[in-house]
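sequence and computational prediction follow.
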Amino acid sequence: MSFLSAIRVAWDALLVHKGRSFLTSLGIVIGVSAVIAMVSAGEGARFQLEDRLASLGKNLIMVRPGNPMSQVSLGGTPLTNDDAHAIRQELGYELTAVSELLLVKRLVSRRARSHPTAVTGCTPNLSPVRGWHVRSGRFISDEDNKKMANVCIIGVTLKGILFPGRTNILGQTVRMEHLSLRVIGEMTPKGRSPLGYDQDDQMWVPLTVVQRKLGGGENLSMILTSTPSEDEIDQAKRDINDLLRKRRHVQLGNENFDVSSVNEITDLARTVTTVLQLLVAIVAAISLVVGGIGVMNIMLVSVTERTREIGIRTAVGATPANVLAQFLIEAVVLALAGGLIGTVFGLVVAVLLAGFVGWPLVISPLAVLAGCGVSVSVGVFFGYYPAWRASRLEPIQALRHE
């Protein structure tokens with residue numbers, strides 16, 4: 001009997017009991033579909049998270065007051081303009097730029113409309129550090145900071161609230177407390193941050209305006225900087241830590257500041273998604289083992305039911321190897337059918353999940369091939385013993401079986 005004929009005979013034998021065959025392969029269906037769907041979901045979630053992290057700024061390094069890893073209270077020793085100046089002067093050769101930030105929350109209004117929003121006092125260096133650029137108009141300049149100019153840049157979300165239906169807002173004015181600010185730019189949309197807040201619902205003004213006209217004080221909320229390449233981030237962080245420890249006269253482990261990078265958040269996100277995918281793989285493996293046991297069980301039943309048929313085959317010339325191959329092919333076909341059904345079901349679940357949650361659909365060809373490959377391996381592994389048992393039957397005893 002040819003290989004294709006053996007497959008056809010195996011398929012016909014399985015179709016004799018369709019319901020039993022489907023229920024037997026159900027564990028494999030569940031295992032394979034879980035692997036494909038969850039790998040796709042994990043890759044889609046990772047892709048979206050990395051895209052959002054990239055919106056924070058390429059190779060971004062953040063210096064904040066307080067050290068969460070020590071007993072020093074967060075914000076206990078504030079950052080100052082002198083800290084930013086020292087980083088710029090002593091480490092500027094290895095950094096793209098250094099930008100001081102002072103963040104406050106204020107009520108912004110225009111005519112009858114008002115909205116509480118995040119106000120970021122910044123310097124011109126924020127644009128290259130964060131990779132943020134204006135869609136129209138211009139960004140904050142050094143001259144604006146020197147003159148404490150009453151100017152601002154508005155995000156698209158805030159624009160929609162204060163200027164509904166209006167396209168060009170350059171030259172318009174908005175009020176913030178006692179100040180009247182002239183709009184000089186509209187920021188390119190950035191979307192939501194990894195923490196979920198709307199990065200477009202904010203206003204950017206000169207740092208000196210927040211410090212001296214809005215009562216923000218001389219301290220800073222944060223110092224941002226970035227490196228020309230990802231390979232330089234760790235060295236830059238070490239140099240910033242050394243510089244600030246020296247300036248503040250603190251020992252290693254007792255820092256009253258925190259230096260971190262977006263890469264750390266990215267690595268943590270990758271670790272979390274990898275662990276979740278590993279847990280799903282373990283559950284899927286258990287399901288495949290259960291499915292494999294089901295395949296072995298049903299093949300043993302099939303051998304018992306077809307003992308007389310095996311005797312007839314051997315009597316007309318079939319060798320033990322032919323019998324073993326026939327039943328082994330049946331087990332593989334049963335498992336592969338479950339794998340193919342599981343693949344289709346997993347792809348459907350992946351598409352529906354991506355559409356429901358809103359993250360990108362990422363189908364891994366490796367996961368699809370692995371699912372089908374594993375299902376075949378399960379068929380071979382768990383089908384071999386029943387096939388071997390069938391091949392060891394004595395023809396005379398098999399023919400006498402009722």
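Yep, it's here.

alpha carbons only for contacts and neighbour counts from here, please
Will do.

need the helices for the protein, in chain order.
3-15, 18-55, 81-91, 126-130, 142-147, 156-162, 207-212, 233-248, 262-305, 307-315, 320-357, 365-391, 395-400 (DSSP state H).

and the fifth one, which residues are buried?
The one in question is helix 142-147. 144-145 (16 or more other C-alpha atoms under 10 Å).

that one packs against which elements?
helix 207-212 (3 or more C-alpha pairs under 8 Å, 6 or more residues apart in numbering; DSSP states H and E).

Thr188 is nearest to which of the helices of the chain?
helix 156-162 (7.5 Å; C-alpha to C-alpha).

how far off centre is that closest one?
29 Å (C-alpha atoms, centre = their mean, to the nearest Å).

any residues touching it, and which ones?
109-110, 113-115, 117, 166, 186-189, 200-203 (C-alpha atoms under 8 Å, 6 or more residues apart in numbering).

drop anything exposed from these.
109-110, 114, 117, 186-187, 189, 200-203.

Leu102 contacts Leu224, correct?
No - assessed by C-alpha atoms under 8 Å, Leu102 is found out of contact with Leu224, at 10.9 Å.

and the gap between Ala45 and Gly131?
Distance, Ala45 to Gly131, using C-alpha to C-alpha, to the nearest Å: 23 Å.

and if you look at Glu394?
Taking C-alpha to C-alpha, one finds Glu394 at 78 Å from Gly131.

now do the contacts for the closest residue to Val295 other than its chain neighbours.
Leaving aside its chain neighbours, Val295 sits nearest to Thr24 (5.9 Å; criterion: C-alpha to C-alpha, 6 or more residues apart in numbering). By C-alpha under 8 Å, 6+ apart, the contact list for Thr24 reads 291, 294-295, 298.

PyMOL command for the buried members of those?
Command for PyMOL that selects the buried part of those, burial taken from 16+ other C-alpha under 10 Å:
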select buried, resi 291+294+295+298
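
which parts of the lengthiest strand in the chain are buried?
Determined from DSSP state E, the single longest strand within the chain is strand 97-110. Neighbour counts over strand 97-110 (16+ other C-alpha under 10 Å) mark 97-103, 106, 108-110 as buried.

from the buried ones among the contacts of helix 156-162, which land in strands?
Per DSSP E, the buried ones among the contacts of helix 156-162 map to strands at 109-110, 114, 117, 186-187, 202-203.

out of these, who's nearest Ser261?
Gln202 (22.4 Å).

leaving out chain neighbours, which residue sits closest to the closest one?
Ala118 (4.7 Å).

touching, the one you found and Val108? I think so.
No - with contact defined as C-alpha under 8 Å, Ala118 does not count as touching Val108 (9.4 Å).

circling back: in TSV, list the buried ones among the contacts of helix 156-162 along with pLDDT and distance to Tyr385.
What follows is the buried ones among the contacts of helix 156-162, written out as TSV (pLDDT from 0 to 100; distance: C-alpha to C-alpha, whole Å):
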residue	pLDDT	distance to Tyr385
Ser109	92	78
Arg110	90	80
Ser114	91	76
Thr117	92	70
Glu186	94	71
Met187	92	68
Pro189	88	62
Asp200	89	64
Asp201	91	65
Gln202	92	68
Met203	94	71
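
so who does the residue lying closest to Pro320 once chain neighbours are set aside touch?
Nearest non-adjacent residue to Pro320, counting by C-alpha to C-alpha, 6+ apart: Ser391, 4.5 Å away. For Ser391, the contacting residues are 319-324, by C-alpha under 8 Å, 6+ apart.

so who does the most centrally placed residue in the chain touch?
Nearest to the geometric centre of the chain sits Arg46, at 1.4 Å (C-alpha atoms, centre = their mean). Counting by C-alpha under 8 Å, 6+ apart, Arg46 touches 269-270, 273.

most neighbours among these, which one is it?
Arg270 (19 neighbours; other C-alpha atoms under 10 Å).

distance of that residue from Tyr197?
Between Arg270 and Tyr197 the computed distance is 21 Å (C-alpha to C-alpha).

can you check Glu230 too?
26 Å.

flag the shaky bits of the stretch 151-300 of the chain, pLDDT-wise.
Within the stretch 151-300 of the chain, the segments meeting pLDDT under 70 span 194-196, 216.

what's the most distant pair in the ones in strands among the buried ones among the contacts of helix 156-162?
Ser114 and Met187 (19.5 Å).

beta partners of Phe257?
Pro65 (DSSP bridges).

could you chop this structure up by domain?
3-52+270-400, 101-221 (automatic domain parsing).

minimum distance to Asn256: which of those has it?
domain 101-221 (13.6 Å).

tell me how far the closest residue to Phe327 other than its chain neighbours lies from Asn125.
Spatial nearest neighbour of Phe327, excluding adjacent residues (C-alpha to C-alpha, 6+ apart): Ala387 at 4.9 Å. Ala387 is 73 Å from Asn125, where distance means C-alpha to C-alpha.

comparing the two, which shows the higher neighbour count?
Set side by side, Ala387 and Asn125 show more neighbours around Ala387, with 28 against 20, by other C-alpha under 10 Å.

wait, the more buried one touches Val323, no?
Yes - the criterion here is C-alpha under 8 Å, and Ala387 meets it with Val323 at 7.2 Å.

Glu264: neighbour count?
Neighbour tally, Glu264, other C-alpha under 10 Å: 11.

ok, Leu352 next?
Applying other C-alpha under 10 Å, I find that Leu352 has 14 neighbouring residues.

give me the distance between it and Asn254.
Relative to Asn254, and taking C-alpha to C-alpha, Leu352 is found at 49 Å.

and for Thr24?
Distance from Thr24 to Asn254, by C-alpha to C-alpha: 62 Å.

same thing with Gln235?
20 Å.

between these two, who's got more neighbours?
In this view Gln235 and Asn254 are compared by other C-alpha under 10 Å, and Asn254 has more residues nearby, 15 against 12.
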